[in-house]
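> Using only what follows, build the 3D model:
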Amino acid sequence: MEIKKDDLTGVKVAELIREHLHAMTLNSPPESIHALNLEKLRQSNITFWTAWEDNELAGMGALKELDNSHGEIKSMRTSSSHLRKGVARRMLQHILDEAIKRDYKQLSLETGSMIEFEPARKLYEKFGFEYCEPFADYTEDPNSVFMTKKLG
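Now for the predicted structure:
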């Protein structure tokens, strides 16, 4: 599997982002969806990566810089045809490595509180993320949980 920085221009990438956003609408009320669309992922403070297995898009993930010491994981998604192959684990490790390389002191994320998001929460827990209060512009939301990990 190869993880590479992506410019968000590929058709396969746009399809995976649409799949991601659609899945969010199935599991979260609109006011609790914090996933970014294609245009918002192109912001200058966001780095976006894709994971490829041969010529197949296996997954995606992004790192948003909140400030020079704090990053946020965004848009983690595994393609439905690559579930349970370690794609999310590899992407999360890649993002963590990049955050450390950038000398961030903290990496945080928001994910859903519903049962559908339990696999994601368990993955983050395995990587040492702990539950925390809302950060950045987030507010308390019964449909969201917030997690953070101290780095360095």
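
> Might you calculate how far the worst-scoring helix or strand of the chain on mean pLDDT sits from the centre of the chain?
Sorting the helices and strands of the chain by mean pLDDT, DSSP states H and E puts helix 11-27 at the bottom, at a mean of 93. The chain centroid and the centroid of helix 11-27 are separated by 13 Å, computed with CA atoms, centre = their mean, to the nearest Å.

> So for it, what gets flagged as buried?
Val13, Leu16, Ile17, His20, Leu21, Met24 (16 or more other CB atoms under 10 Å). Using the backbone N, CA and C atoms, a C-beta is placed for each residue, glycine as well.

> give me every residue that touches Gly152.
By CB atoms under 8 Å, 6 or more residues apart in numbering, the contact list for Gly152 reads Ile100, Asp103, Tyr104, Lys105.

> rerun at 6 Å
Lys105 (CB atoms under 6 Å, 6 or more residues apart in numbering).

> Just the buried positions in stretch 39-58, please.
So for stretch 39-58, counting by 16+ other CB under 10 Å, buried means Leu41, Ile46, Thr47, Phe48, Trp49, Thr50, Ala51, Leu57, Ala58.
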